[in-house]
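**Q** Give me the fold of what follows.
(one chain, ligands or ions: 2)
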Amino acid sequence: MFKAVQQPEYRDESALQKVIAELSGAPPLVTPWEVDRLRLKLADAAVGNRFLLQGGDCAERFDECKPDLIANRLKVLLQMSLVLIYGLFTPVVRVGRFAGQYAKPRSASREKKNGSQFPSYRGDIINGPGFSAEDREPDPHRMIQAYRHSTATLNYIRALGEGGFADLHHPEYWNLGFVANEGLRNEYQEIVDSILNAVKFMEAIAPNPIGEVERVAFFTSHEALLLPYEEALTRLHNMSGRVYNLSTHFPWIGMRSTDLDGAHVEYMRGIANPISVKLGPDTAASELPALLNLLDPDEIPGRLTLTTRFGVGNIEGVLPSLIDAVRRTGRTVLWCCDPMHGNTITLPNGVKTRRFESILGEMEQAFDIHASEGSILGGVHLELTGENVTECTGGAGGLQDSDLGRAYLSHVDPRLNGEQGLELAFSILRKRRRMQS
Ligand code: PEP
Ligand code: CO
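**A** Ligands and ions are numbered 1, 2, ... in the order given. Below is the predicted model of the structure:
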C-alpha cells in the first residue's frame, strides 16, 4: 500500500463509492489530443522556444464560479502573455490554475480559534470554509459539485476563446479598467498598438487571417491532491493504450506529496499527461534523480516540469544544487519558477500576505541562477486574480499592510491583483532585456 497524505476521512463509505461510480461514468473535461498538444508545447518551453505562463487562484470556490470573475482572470492572463510574447519574441503557452483547483493541502490538520477547534478547511471539493463542525465535515458529494463547477468554468473559457475574446484583431477589448497606474497603462497601450499594426501587416502579406491561428490556447491545471476524484476521471485511451487524467491537461504534485513511496507519486507515474512537481527549500538534490526516474522513465519530451518555490532568501542556497543534480541525469526538464509559495508571511494581526518585492526578487534570481548555471528558466507559476483585491502588498499601486483589510477575499493564499500581475509581466520583460543586453 502506498501512503496517501493529505486525504480527508469520509465517514460514509457507501456515499463515497456512489460518488466515485458516478464520476467514473461522467464525460471527461479534456481530451488526450489536447493533453498531448500541451505536452509538446511544454517540451518547446523546456528548451527556451516558448514560455510557460501558469496562473490563477490559489483555490477556486464554488460560489466564485461567476462569468465576470472567470473572464477577468482570463483577461489578465491574456494581457500578461501579450506583454511576454511582444517583449520576449517567444510564443507563450497559457495555463490556468482553474476548472479544477478545488483541493488544498494544509500544514495543520486542525484549526484552532477562540477556544474551539475543527478540521482545517481543505478546499471546496472536500469541506466548507465556515468555522463549524458541520462545515468542516468532509462530504464526498462535493466532488460532484467540483466536477460540475469545473465543467461550467471550462465551458465558458472555451466559449470565450471561440467567440473571439482572444481575437488578435480586438486587443482593445483586452483593456482592463483596473490598471490605475498611468505608467503601466501607457506601456501596455503601446504594446497593444504595435501588435495591431503587426496583425494588419501580416494579413496584408499572408493569405489566412492571423486571428485564426491558435485563438484559444488556454490549458487547465490543478494540484492532483484528492486521489478519489483524480482517479475517477482517469481514463484509458483505447487508441494509444495510454492512461490519461482527463480532469485537467496539466496536473501537478504539491510540495507536501512528493514522497517517493507515496500514493501521489504512484498515481502520477501511471498517467500520460505532462505533470509538474513542486520543489521547495527542503527538497534534497540527492533524491531528485530517483523521483525523476520514477515519474518519467522514458524521458518523454515535455513530460516533466519542475516548479521551484523556495522564497527569496532561500533560492540562492538551493536552486544551483538542484539544477546540477538534474544536469547529471542528462535529462531535459522544464524549469518553472513559482515565486509565490516560498514568500508567504503572516503579519502580527494574523493576516497572510506576500510582498511584491519578494515575489519579484525570487523570480529575478531564478532567471539569473539558471543563466549562470547554463540552464533555462522556461516559465512562471503565479497566484493571481483579475479582481482588484488587496492581498499582496507593494508594486506600482503601493499597497501597504494597512490596505489589506480593504479587499482581502482569499480564503487561503494571498493573490496578486490584475495590476500587480501585469506589472510582474513587465518586470519579466525588463529582466530578460537586461540579461540579453
Ligand atoms: C499551491 O500551489 O497552492 C500550493 C499549495 O503549493 P505548494 O505545494 O508549492 O506549497
Ligand atoms: Co497557494
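
**Q** chain center to the longest helix anywhere in the chain: distance?
**A** Counting by DSSP state H, the longest helix found in the chain is helix 182-205. Centroid separation between helix 182-205 and its chain, computed with C-alpha atoms, centre = their mean, to the nearest Å, is 27 Å.

**Q** strands paired with the next helix or strand after that helix, and their directions?
**A** Per DSSP states H and E, the first helix or strand lying C-terminal to helix 182-205 is strand 218-223. For strand 218-223, the paired strands and their directions (DSSP bridges) read strand 92-97 (parallel), strand 250-253 (parallel).

**Q** So which elements touch the longest helix of the chain?
**A** helix 67-88, helix 418-436 (3 or more C-beta pairs under 8 Å, 6 or more residues apart in numbering; DSSP states H and E). From N, CA and C alone the C-beta is placed, and that goes for glycine too.

**Q** In a markdown table, list these along with mean neighbour count.
**A** Listed next are those as a markdown table, based on neighbours: other C-beta atoms under 10 Å:
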| stretch | mean neighbour count |
| --- | --- |
| helix 67-88 | 20 |
| helix 418-436 | 19 |
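
**Q** Turn those into JSON lines, columns for mean pLDDT and distance to ligand 2.
**A** Output for the helices and strands packed on helix 182-205, formatted as JSON lines (pLDDT from 0 to 100; distance: least, C-beta to the ion, whole Å):
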{"stretch": "helix 67-88", "mean pLDDT": "89", "distance to ligand 2": "15"}
{"stretch": "helix 418-436", "mean pLDDT": "89", "distance to ligand 2": "15"}
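
**Q** Tabulate the ones you listed (JSON lines), appending distance to ligand 1.
**A** Formatted as JSON lines, the helices and strands packed on helix 182-205 follow (distance: least, C-beta to the nearest ligand atom, whole Å):
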{"stretch": "helix 67-88", "distance to ligand 1": "15"}
{"stretch": "helix 418-436", "distance to ligand 1": "16"}
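
**Q** Make CSV out of those helices and add distance to Leu196.
**A** Output for the helices and strands packed on helix 182-205, formatted as CSV (distance: least, C-beta to C-beta, whole Å):
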stretch, distance to Leu196
helix 67-88, 11
helix 418-436, 18
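
**Q** can you count the residues close to the one residue in the stretch 251-400 of the chain that gets nearest to ligand 2?
**A** Residue nearest to ligand 2 within the stretch 251-400 of the chain (C-beta to the ion): Glu383, separated by 5.3 Å. By the criterion of other C-beta atoms under 10 Å, Glu383 has 27 neighbours.

**Q** okay, it: pLDDT?
**A** pLDDT recorded at Glu383 is 98.

**Q** What ranges in the stretch 101-250 of the chain fall below the confidence cut-off?
**A** In the prediction, the stretch 101-250 of the chain carries residues with pLDDT under 70 at positions 164-178, 206-216.

**Q** could you measure the residue of it found nearest ligand 1 against Glu190, distance?
**A** Proximity of the stretch 101-250 of the chain to ligand 1 (C-beta to the nearest ligand atom) peaks at Pro105, 5.4 Å away. To Glu190, Pro105 is 41 Å away according to C-beta to C-beta, to the nearest Å.

**Q** Those two: which is more packed in?
**A** Neighbour tally, Pro105 and Glu190, criterion other C-beta under 10 Å: the higher count belongs to Pro105, 16 against 11.

**Q** And the more buried one, its phi and psi?
**A** Backbone geometry at Pro105, expressed as degrees, to the nearest 10, gives phi -70, psi 150.

**Q** Okay, it and Gly96: tell me how far apart.
**A** When C-beta to C-beta is applied, the distance between Pro105 and Gly96 equals 19 Å.

**Q** SS state for Pro339?
**A** Of the three states, Pro339 takes coil according to DSSP: H, G, I helix; E, B strand; the rest coil.

**Q** do the same with Gly123
**A** Secondary structure, three-state DSSP: Gly123 is coil.

**Q** which ones are touching Phe367?
**A** Contacts here follow C-beta atoms under 8 Å, 6 or more residues apart in numbering; on that basis Phe367 touches 337, 377, 428, 431-432, 435.

**Q** element containing it, please.
**A** Per DSSP H and E: helix 356-372 holds Phe367.

**Q** near ligand 2, which residues of the protein?
**A** 58, 413 (C-beta under 5 Å from the ion).
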